[in-house]
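Peer 1: sequence unavailable; structure follows:
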């Protein structure tokens, strides 16, 4: 069964304290792994797409990496405005583009 | 920057009533989706829609649910007879094309409360 598991469920950091979020997946033929940011009461906001092991993407303080079994979202010197829930999703096999989401990691960055 | 919009932002309805949730996908996108998120739980796939027909639906998407693209811009989700367990955030998403290299963009969501 295709599955996505994220850890930790919650993470508290001091401003400037770098860390990483993990996304482990099992899917029969990865067709894309996606990172989204979700603020409370809002829709997921697209951050990154990764397609093949070894691929890396960066945006400001965020860097996403991909291996054959997991993805990491590295946050360098976070700021309070980086506080949000970060969602990982994989595209299911087939052509419909259906996404399978993990439960998310809620990040709180304290000043 | 183009974005997915949804209305209403919050809908309160009584059990057994019909509701229609509305979405305007990004204009040049071809694939449309509905997802839902029960409070504190994962985002769950409901249905995908392409070329004016359902391309895939989940087990959640039973006969009480239907989708429609009534014109060139709107995409709707109808729940015929709401249940308490339908209370959730409903997100519409759209994607430019069917290939592997296109991400989905999500709307802000409609919070549905069934009393």
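Peer 2: Alright, I've got the coordinates. No experiment lies behind these values; they were computed from the predicted model shown.

Peer 1: what pairs with residue 90 across the strands?
Peer 2: In the absence of a named chain, this looks at chain A. Residue A:90 has these beta-bridge partners by DSSP bridges: residue A:33, residue A:100.

Peer 1: can you look at chain B instead?
Peer 2: residue B:36, residue B:110.

Peer 1: correct me, but it touches residue B:110?
Peer 2: Yes - with contact defined as C-beta atoms under 8 Å, residue B:90 reaches residue B:110; the gap is 4.9 Å. Glycine gets a C-beta too; all of them are placed from N, C-alpha and C.

Peer 1: contact partners for the residue positioned nearest the centre of chain B?
Peer 2: Central residue of chain B (C-alpha atoms, centre = their mean): residue B:34, 3.0 Å from the mean position. Shown in contact with residue B:34 (C-beta atoms under 8 Å, 6 or more residues apart in numbering or on different chains): B:21, B:23, B:46-47, B:67, B:77, B:90-93.

Peer 1: what of residue B:79?
Peer 2: Per C-beta under 8 Å, 6+ apart, neighbours of residue B:79: B:18-19, B:21, B:64-65, B:86, B:112.

Peer 1: neighbour-wise, which of these leads?
Peer 2: In terms of neighbours by other C-beta atoms under 10 Å in any protein chain shown, the contacts of residue B:79 top out with residue B:21 at 23 neighbours.

Peer 1: any idea which element that one lies in?
Peer 2: strand B:19-24 (DSSP states H and E).

Peer 1: show me what the mean pLDDT comes to for that strand.
Peer 2: For strand B:19-24, the mean pLDDT works out to 98.

Peer 1: do stretch A:22-33 as well
Peer 2: 90.

Peer 1: quick one: end-to-end distance for it.
Peer 2: 13 Å (C-alpha to C-alpha, to the nearest Å).

Peer 1: got it, and stretch B:20-34?
Peer 2: End-to-end distance (C-alpha to C-alpha), stretch B:20-34: 13 Å.

Peer 1: got it, and stretch B:22-29?
Peer 2: 16 Å.

Peer 1: and it, how far from the chain's centre?
Peer 2: In terms of C-alpha atoms, centre = their mean, to the nearest Å, the centre of stretch B:22-29 is found 11 Å from the chain centre.

Peer 1: ok so, going back, over to the residue nearest to the centre of chain B: give its phi and psi.
Peer 2: Backbone torsions of residue B:34, given as degrees, to the nearest 10, read phi -120, psi 140.

Peer 1: what's the separation between the closest residue to it other than its chain neighbours and residue B:4?
Peer 2: Ranked by C-beta to C-beta, 6 or more residues apart in numbering or on different chains and with sequence neighbours excluded, the top spatial neighbour of residue B:34 is residue B:46, at 4.3 Å. Distance of residue B:46 to residue B:4, given as C-beta to C-beta, to the nearest Å: 15 Å.

Peer 1: report the contact partners of the nearest residue to residue A:17 once chain neighbours are set aside.
Peer 2: Using C-beta to C-beta, 6+ apart and skipping residues adjacent in sequence, the residue nearest residue A:17 is residue A:78, 6.9 Å away. By C-beta under 8 Å, 6+ apart, the contact set of residue A:78 is A:13, A:15-19, A:61, A:107, A:109.
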